[in-house]
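Peer 1: here is the input, now give the coordinates:
(one chain, ligands or ions: 2)
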Amino acid sequence: SVGSLLILPGDGIGPEVMAEVRRIIDWYGEKRGLTFDVSEDLVGGSAYDKHGVPLADETMAKAQEVDAVLLGAVGGPKYDDLDFSVKPERGLLRLRKEMDLFANLRPAQCFDALADFSSLKKDVIAGLDIMIVRELTSGIYFGEPRGIFTENNERVGVNTQRYTESEIDRVARSAFELAMKRGKKLCSMEKANVMESGILWREVVTEVAKDYPEVELSHMYADAGGMQLARWPKQFDVIVTDNLFGDLLSDVAAMLTGSLGMLPSASLGLPMANGRPKALYEPVHGSAPDIAGQGKANPIACILSFAMALRYSFDEGAEADRLEAAIETVLAQGKRTADLLGEEGVTPVSTTEMGDAILDALEAS
Ligand code: NAI
Ligand code: MG
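Peer 2: Numbering: from 1, shown residues only. Ligands and ions are numbered 1, 2, ... in the order given. Got it, this is the predicted structure:
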């Protein structure tokens with residue numbers, strides 16, 4: 001076995017897109033002799049339904065042991081009124097926090113066959129290949145104090161942006177390491193003009209840069225960065241930013257390449273005893289309740305997440321290339337799930353038909 005993989009399909013379209021990944025994993029076992037020690041478990045609303053919590057302790061323990069966790073998506077309207085402490089998203093946040101997955105890698109790649117689909121000019125995105133590194137375990141989504149308080153006879157909603165020096169240091173190092181393996185160009189984004197956490201961020205990143213003299217470092221205010229991402233994204237190679245800005249900027253990057261249904265992600269932590277980093281792979285999209293159960297979901301983001309697992313957790317870069325090439329082939333054939341189509345024209349393929357086509361292309365590779 002190449003290693004261990006825990007699969008957490010989750011809610012909504014999560015299980016639908018993960019079913020296609022399972023078929024691809026089976027194909028790798030049968031045709032390429034690449035077998036994974038696969039286990040499957042519940043997360044999010046589906047875990048709440050069974051255990052009363054969005055992530056059982058046994059599942060958490062298992063996640064700590066495996067080489068990689070692959071997650072579909074969590075959440076849905078059925079769970080919207082649950083107490084905050086047991087909301088489906090808490091299952092995902094617990095995984096990220098307890099595995100200490102501080103570096104969230106979000107690539108924005110443009111498949112040539114989709115360059116026309118973007119609302120941007122073709123030359124702006126054709127051949128685009130950038131990586132956003134988002135800090136994932138700290139910042140305003142976690143900072144205390146937080147809550148809705150009553151003050152002067154009215155309610156006040158409070159969240160706190162908070163970063164320690166070491167939190168900034170380790171995510172900056174991940175980004176510099178990544179930049180060394182790519183175009184040796186790193187852009188750090190914050191709001192040092194209006195936020196103290198931004199001032200510290202800029203100072204610490206500049207300090208870490210001394211250990212990476214080969215990497216060309218630049219700084220940008222995050223709002224200007226959003227504008228530049230839409231204007232000329234190819235000016236970037238690796239971008240490093242905090243949790244909140246990274247959440248927003250990576251959604252912008254998602255639309256550069258066409259659809260949330262195309263965007264994978266990886267979240268990495270510190271190396272384990274076997275040298276592999278703690279790792280969670282998941283599509284950027286959510287559980288898409290508006291299309292769940294209809295066979296319309298695009299499985300490619302989840303399949304590309306598995307490709308990232310092949311590359312970053314299992315050292316199977318060539319097989320990851322093979323899988324990405326199969327996806328490019330299928331897109332070049334004109335196969336499109338509904339999210340990749342405009343108003344008129346081609347009939348969309350279903351989730352399963354997209355999976356079939358990718359398996360055919362793998363078979364032919
Ligand atoms: P969403 O990503 O689920 O959906 C946004 C839009 O994109 C919808 O119109 C959806 O149909 C479409 N879409 C998303 N993935 C797609 C795919 N693979 N193929 C085709 N179309 C796709 O975000 P939304 O609607 O804001 O949230 C829905 C639920 O998902 C909520 O409960 C939310 O909390 C949860 N969520 C979970 C995330 C996760 O598990 N990591 C991330 C974001 C949201
Ligand atoms: Mg988001």
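
Peer 1: going forward, measure contacts and count neighbours with C-alpha atoms only.
Peer 2: OK.

Peer 1: the stretch 151-300 of the chain: strands as residue ranges?
Peer 2: 154-160, 185-190, 216-221, 238-241, 264-271, 277-283 (DSSP state E, counting those that start in this stretch).

Peer 1: tell me the average confidence for the longest one?
Peer 2: Think strand 264-271. Strand 264-271 shows a mean pLDDT of 90.

Peer 1: with stretch 152-170 instead?
Peer 2: 97.

Peer 1: would you map the helices across the stretch 151-300 of the chain?
Peer 2: Secondary structure of the stretch 151-300 of the chain (DSSP state H, counting those that start in this stretch): helices at 165-181, 196-208, 222-231, 243-256, 300-312.

Peer 1: okay, the strands of the stretch 151-300 of the chain in TSV with distance to Asp49 next?
Peer 2: Listed next are the strands of the stretch 151-300 of the chain as TSV, based on distance: least, CA to CA, whole Å:
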stretch	distance to Asp49
strand 154-160	29
strand 185-190	39
strand 216-221	43
strand 238-241	35
strand 264-271	26
strand 277-283	22
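
Peer 1: quick check: which of those strands is buried the most?
Peer 2: By mean neighbour count, with neighbours taken as mean count of other CA atoms under 10 Å, strand 238-241 ranks first of the strands of the stretch 151-300 of the chain at a mean of 28.

Peer 1: need the contact partners of that strand.
Peer 2: Identification of contacts with strand 238-241 by CA atoms under 8 Å, 6 or more residues apart in numbering yields 130-135, 171-172, 175, 178-179, 183, 185-190, 246.

Peer 1: how close does the most centrally placed residue in the chain sit to ligand 1?
Peer 2: For the chain, the residue nearest the mean C-alpha position is Ser265 (2.3 Å; CA atoms, centre = their mean). From Ser265 across to ligand 1, the span is 10 Å (CA to the nearest ligand atom, to the nearest Å).

Peer 1: from Tyr312, how far off is that residue?
Peer 2: Going from Ser265 to Tyr312 by CA to CA, to the nearest Å gives 11 Å.

Peer 1: what of Phe149?
Peer 2: Distance from Phe149 to Tyr312, by CA to CA: 43 Å.

Peer 1: more neighbours: which of these two?
Peer 2: Just comparing Phe149 and Tyr312: by other CA atoms under 10 Å the higher neighbour count belongs to Tyr312, 19 against 11.

Peer 1: and the more buried one, what's its pLDDT?
Peer 2: 82.

Peer 1: kindly report the same for Gly258.
Peer 2: 65.

Peer 1: now Lys87: how far from Thr351?
Peer 2: Relative to Thr351, and taking CA to CA, Lys87 is found at 27 Å.

Peer 1: which bits of the stretch 1-150 of the chain sit near ligand 1?
Peer 2: Counting by CA under 6 Å from any ligand atom, the stretch 1-150 of the chain comes close to ligand 1 at Ala73, Val74, Gly75, Gly76.

Peer 1: mind giving me the packing neighbours of the helix ranked longest in the chain?
Peer 2: In the chain, taking DSSP state H as the definition, the longest helix is helix 14-32. Applying 3 or more CA pairs under 8 Å, 6 or more residues apart in numbering; DSSP states H and E, one finds that helix 14-32 makes contact with strand 68-73, helix 300-312, helix 351-364.

Peer 1: deepest in the core, which of those is it.
Peer 2: strand 68-73 (a mean of 28).

Peer 1: so where's the chain uncertain?
Peer 2: 117-118, 258, 343-344 (pLDDT under 70).
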